[in-house]
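*Asks:* Here's my sequence, what's the structure:
(chains A and B)
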Amino acid sequence: MKPPPFEYHAPATTDEAARLLRELEDEEAKCLAGGQSLVPLMNLRLARPGHLVDLNRVDGLNGISATKDGWRIGALTRHAQIEDSAELAAGLKLLPQVASQIGYRAIRTRGTIGGALCHADPVAEWPMIARLLDVDVEVVGPDGSREIAASDFFFTVFTPAIEPDEILTSIQIRLPKGSWTTGFSEFARKSGDYAVVAAGVFLEVDRKHGVSAARVALSGVELTPHRSEAAESALIGTDPGDGAAHERAAAAAADAVEPSGDLHGSSDFRRQLVRAELKRALSDAASNLGVRR
Amino acid sequence: MTDQIETLAPRFFGQRVKRREDPRFLLGRAKYVDDIVRPGMLFASFVRSSEAHARVRGVDIADALALPGVVDVLTGEMIADTSHPIRSDSTMPTWQGTGFPALAIDKVRFVGEAVACVVAEDRYAVEDATEAVIPDLEPLTPVANMDQATAADAPLIHEDWEDNHFIKRHVETDGFDEALDAAPHRSSHRFVMARHTGMPLENRGCIAEWDSAKGELTLWTATQIPHLVRTGLADALQIPENRIRVIAPDVGGGFGIKGHLFPEELSCSIMAIRTGRPVKWIEDRREHIIACIHAREHTHEVEVGYDDDGTILALKAHLQVDCGAYSVYPWTSTMDTGMALGILPGPYRIRNYYVDAESVATNKAPLGPYRGVARPAACFTIERTMDAVAEQLGLDPTEIRRRNLVRSDEFPYTSVTGLQYDSGSFIEALDLAMEKAGYQQWRERQQAAREEGRYLGIGVTTYTEQTAHTTQEFKKRGIPMVFGYETSMLRMDPSGQVTVNTSIHSHGQGLETTLAQIAADQLGVSLEDVRISFGDTSEVAYGSGTFASRSAVLAGGATDLAAGEIRAKLARIAAHLLEAAPEDIEFSGGRAYVAGSPDQGYSLAEIARMTHHNPQHIPEDEAPILESTRTYDASPGNGTFTNAALLLLVEVDAETGFVHLLDLVCVEDCGRIINPLIVDGQIQGGIAQGIGSALLEELVYDEDGQPLVTTLVDYLMPGTTDMPENFEIHHLETPSPFTVQGIKGMGEGGAIGPGALVASAVDDAIRPLTSGRVTSLPITPEKVRTLIEQG
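*Replies:* Residues are numbered from 1 along each chain as shown, chains lettered A, B, ... in the order given. Below you'll find the model as predicted:
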């Protein structure tokens, strides 16, 4: 349970960090954020980076701020900061709600949202939420910064579409102008444990016509977070509080996925969980409607 | 005057005294093996087999030896001629035994078996070097489970054996077939309990140090059984026992798992002798999960015969236990089988019994004792059977139990397997649990919930727990060592302070408190005046250690007897000084005085100082020290039987199969209670572990004998938030007629019932949805969903 030898670097700026990453490109450098996944993997010798570039001393990577159309969350923002954020509780309750489900409090005080996105674990919460909210991921490399859409960010399991010399600096959440609501539900074998399946929903609601736009995201069903078009189209035009419509959307989502099974759930069981958890997420969204913005 | 004496002499026995050891543990001031640093200490790490079953063609250590900081590398071949393997043999017929080598020699027999030991200057260097050792393993056909092991053409795990059985046992009462044939109803069931293990916060670990000048070995090790480890080491290394000192410092949980001599302890000792430097090994969690002791993994097939009233007339059972690759020291691979065979009829009046029991060898980590030893599986089987019979007859599950439980007027009751249940309150405990739970209200809640489409279920379990078994019982088990007595040596020093050195070990059981309560009561001193010391073989002549729910009874008994002897001596000395008769001397408030005249006496400190420093004042025939060593073997030695009844209310989420534990009521009777606070804590901890077995924990192997669960990501442990929302414990106190103070053991009990209990409750919850019933543990959400889907 000790890692193989590596060299440790602690840059003070993103530019310096990006330069280091470029210099060390051939020597398997890895960024260290909260270290809640990377360090155990190194101790198990499943990850063997030659260099660790610690981002914890880099200025400007941490923080939650409101933008003109949503939120900017710094990559190094800890799960616990999101969980405890009064601004988010009032403005986008989904995020504190989701943060509170990640691991245990001790993990949440270290783990970061940027680290979780880059780790790209298919059962983790933040990648699924990134897909749900269609966030833009801002990365900085030696040649400057660029934004990557969440739909392009998750390449495959544990593999984000980010270059080896790029650093994730923030995520941008852009919210629609009209009325909307969110819902979330996850199934874990015990509290604090990894989710087996989780479902998130984001519904734009028109007082006259019900759901005018729907986004449904699922974790634990594919190698990357899954957007369920089947469920999304089933929800359009329905009343957000209509249980039968929830049932139909959940069934459509379950029918459309082919999860692979593992120790924590077979393919069939995961499909059943998609159905149950999506229904609960939709019910959560209905109960959140009008409660907050 | 009597009142005044009462206040001077508080009785600690029976009081909720706070645990004296807790400040040390809670403030992080305990000192575990890993906290010990010796001068020049090296670090050990093990190269472990990646194959379940393979021939060892060789081990290439050249690259590892060349790495910086590496001091030595050891392979099985290098020590084959100089050290004996660990060997633990049963004396029973049909036994096939085998040694467990420190490092694999000709074959590896499970994934995780140690193949080589590396020592280096630090922990990083040794882990780097461990990767550089290349074992050359020629894979053989793995025997991954009991079906494969018992197939006609199964490969032999131990090539000198006739088949893959450590032992096959058979017990049958006279006229069994007739009794079963005569039963108006019969039903057959198959129950499976998964492999899991104890997961102490502190993994295993040891430091071996060799004093070449004196030829003496010291081993600090996280063990429950220091003296037995010393004997095992002496036998394997051929070093006399008086040249070996085993020290078990603070131990961060044992649960039976740390009640063994391990190959790693042997390797570290050999390495300390080879290198002349202290060698530390600290197990990591992955090693603990794949290469330590595993537990459970029983398959039970039963056929039960019963009458119209639900009276059980006959029980036939076929018990198989997957014991893994090696027989463990000192228990042998007969423990689980023998215990299950003996206790399967449980607290019920079953007089016709037929059982076949097999300990099967497989290419998996060795099976050993873990809190409850076999009884969780036995309880699961008999309780599931009771539930099935109740359902077939349309009886309430509490009623079928009441009709079959041994009644209070039948004690002492000799079970069909010859166990003598000393005393108990089987039916009274069930009645009290129902009363405390409000059983009828629970049924009403269940009915109301069903009408809302919610699925509440009520589970019931009763059991009896054999505890504090000693000479007679272990003699019967055919283990080469008979774990009878424990030893306490009590000394009063010149300042009048008391030290108890005892052969048991305390690693969470609160024995530093309970033993002090007993000694303080005998001597009329305060708890602060009593120091309890254990875990060092140089302090006490001999004893077995802590296991089998016996330390409070046996070390408590030994402490009581030794303290009584010191008290008698103090009384003789005080009587001499006071010119009174010894029988007129009373003790309280740290003083000895003439009965009725508290002013006419001496403090114990005065007497102690006089005894040691002015022996001219004490009687001529008294030695001028205050010391007594006593052993205690709770005769007749069959054990004391604690009993409990548990009721549980759950809600099953029919869509996900998740089981929510709502209310749990436990009524436990462990005889007279020394410290109710500690007893409650033991019950809570045991139930928590039992809930882990019931719902979460499973060590899964694939068909090739590869462990699929290797970290705590996949091995799910229960936490506080996974406990029932409401959790009540109540006590009955039926004293044991056989023990000092009428106390019984109780340390394991909590872990016995939950598997059966949760199964009973889940079945009751999903009854409207399915005819399927829970037959295996753990009860995963997916299993519950599968039952619901089958309808």
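*Asks:* For the residue of the stretch 251-400 of chain B found nearest chain A, grab the count of nearby residues.
*Replies:* Of all residues in the stretch 251-400 of chain B, B:D284 sits closest to chain A, with a separation of 3.9 Å (Cβ to the nearest Cβ). Bear in mind the C-beta positions are built from the backbone N, C-alpha and C, glycine included. B:D284 sits with 18 neighbouring residues when counted by other Cβ atoms under 10 Å in any protein chain shown.
*Asks:* B:E428 - how many residues pack around it?
*Replies:* Using other Cβ under 10 Å as the criterion, B:E428 is surrounded by 18 other residues.
*Asks:* repeat for the one 4 residues further on
*Replies:* Applying the criterion other Cβ under 10 Å, we find 18 residues in the vicinity of B:L432.
*Asks:* That one should be in a helix, yeah?
*Replies:* Yes. Counting by DSSP: H, G, I helix; E, B strand; the rest coil, B:L432 is part of a helix.
*Asks:* Is it correct that it is in contact with B:L646?
*Replies:* No. If you go by Cβ atoms under 8 Å, B:L432 and B:L646 don't touch, sitting 11.4 Å apart.
*Asks:* all helices of the stretch 151-300 of chain B, in order?
*Replies:* Using DSSP state H, counting those that start in this stretch, the helices of the stretch 151-300 of chain B run over B:176-182, B:226-237, B:263-275, B:285-291.
*Asks:* tell me the most buried of those helices?
*Replies:* When those are scored by mean count of other Cβ atoms under 10 Å in any protein chain shown, the highest mean neighbour count falls to helix B:263-275 (a mean of 24).
*Asks:* about what we covered before: what sits in contact with each of B:L432 and B:L646?
*Replies:* Each of B:V667 lies in contact with both B:L432 and B:L646 under the rule Cβ atoms under 8 Å, 6 or more residues apart in numbering or on different chains.
*Asks:* and the longest strand for chain A?
*Replies:* strand A:195-206 (DSSP state E).
*Asks:* So the next helix or strand after it, near chain B or not?
*Replies:* Sequence-wise, the next helix or strand downstream of strand A:195-206 (DSSP states H and E) is strand A:210-219. No. Using Cβ under 8 Å from any Cβ of the partner chain, strand A:210-219 stays clear of chain B, coming no nearer than 14.7 Å.
*Asks:* Output strand A:210-219 as PDB, restricted to C-alpha atoms.
*Replies:* The C-alpha coordinates for strand A:210-219 follow below in PDB (Å, rounded to 0.1, in the frame of the first residue of the first chain):
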ATOM      1  CA  GLY A 210     -46.100  21.200 -19.000                       C
ATOM      2  CA  VAL A 211     -42.600  20.000 -19.700                       C
ATOM      3  CA  SER A 212     -41.200  22.000 -22.600                       C
ATOM      4  CA  ALA A 213     -37.700  20.600 -22.500                       C
ATOM      5  CA  ALA A 214     -36.300  17.600 -20.600                       C
ATOM      6  CA  ARG A 215     -32.900  16.400 -19.800                       C
ATOM      7  CA  VAL A 216     -32.400  13.000 -18.200                       C
ATOM      8  CA  ALA A 217     -28.900  11.600 -17.200                       C
ATOM      9  CA  LEU A 218     -28.000   8.300 -15.700                       C
ATOM     10  CA  SER A 219     -24.900   6.900 -14.100                       C
END
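*Asks:* Would you confirm that B:T487 belongs to a strand?
*Replies:* Yes. Looking at B:T487 with three-state DSSP, it is inside a strand.
*Asks:* That one pairs with what?
*Replies:* Beta-bridge pairing of B:T487 under DSSP bridges involves B:T631.
*Asks:* sorry, back to before: and the longest strand of chain A, what's buried?
*Replies:* By neighbour count on 16 or more other Cβ atoms under 10 Å in any protein chain shown, the buried set for strand A:195-206 is A:A195, A:V196, A:V197, A:A198, A:A199, A:G200, A:V201, A:F202, A:L203, A:E204, A:V205.
*Asks:* nearest to B:M78, of the residues you listed?
*Replies:* Of all the buried residues of strand A:195-206, B:M78 sits closest to A:V196, with 47.2 Å by Cβ to Cβ.
*Asks:* Is the nearest residue to B:F534 once chain neighbours are set aside bridged to anything, and to what?
*Replies:* In space, and not counting its chain neighbours, B:F534 is closest to B:T502: 4.9 Å by Cβ to Cβ, 6 or more residues apart in numbering or on different chains. Applying DSSP bridges to B:T502 gives these bridge partners: B:S488, B:F534.
*Asks:* Would you check that B:T502 makes contact with B:A558?
*Replies:* Yes. The pair B:T502 and B:A558 qualifies as a contact (Cβ under 8 Å) at a distance of 7.0 Å.
*Asks:* Which single residue of the stretch 101-250 of chain A ends up nearest chain B?
*Replies:* Nearest residue of the stretch 101-250 of chain A to chain B, counting by Cβ to the nearest Cβ: A:S191, 4.3 Å away.
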